[in-house]
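Trainee: okay, structure incoming, though there's no sequence with it:
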């Protein structure tokens, strides 16, 4: 009897492997699901593109130039060139 129990379980659990899985229930998409399914903009575009990045870098470089704790490190730097490199990097 004990040997028959595992056989009965494996036979009853095997089912029809050729049968297609049941179709998922039809549901209306929520706005979040629709947005997730749509192609997402690049990070560059989500940040606002070159104009927005330039504005942030301009503020950053101005803050660095005005900060007496660190501006000595940039005393001989071409800040316009540095700014351009930072914009390109970001």
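Mentor: That came in fine, so what should we check first? The model shown is predicted, which means the values in this text are computed figures rather than measured ones.
Trainee: host element of the closest residue to residue 54 other than its chain neighbours?
Mentor: Spatially, and ignoring its direct neighbours in sequence, residue 54 is nearest to residue 87 (5.4 Å; Cβ to Cβ, 6 or more residues apart in numbering). For glycine as for every other residue, the C-beta is placed from the backbone atoms N, C-alpha and C. With the criterion set as DSSP states H and E, the secondary-structure element containing residue 87 is helix 79-89.
Trainee: helices or strands next to that helix in the packing?
Mentor: Packing contacts for helix 79-89, counted by 3 or more Cβ pairs under 8 Å, 6 or more residues apart in numbering; DSSP states H and E, involve helix 49-66.
Trainee: which residues touch the helix it packs on?
Mentor: The set of residues that contact helix 49-66 without belonging to it, under Cβ atoms under 8 Å, 6 or more residues apart in numbering, is 44, 47, 70, 71, 74, 79, 82, 83, 86, 87, 90.
Trainee: over to stretch 77-90?
Mentor: Stretch 77-90 is contacted from outside by 47, 50, 53, 54, 56, 57, 58, 60, 61, 65, 74, using Cβ under 8 Å, 6+ apart.
Trainee: residue 68 and residue 75: what is the separation?
Mentor: Computed as Cβ to Cβ, to the nearest Å, the residue 68 to residue 75 distance reads 11 Å.
Trainee: give me the below-cutoff pLDDT ranges for the protein.
Mentor: Filtered on pLDDT under 70, the chain yields the residue ranges 1-27, 29, 34-36, 38.
Trainee: that older thread, can you count the residues close to the residue nearest to residue 54?
Mentor: By the other Cβ atoms under 10 Å criterion, the neighbourhood of residue 87 contains 16 residues.
Trainee: kindly report the same for residue 83.
Mentor: 16.
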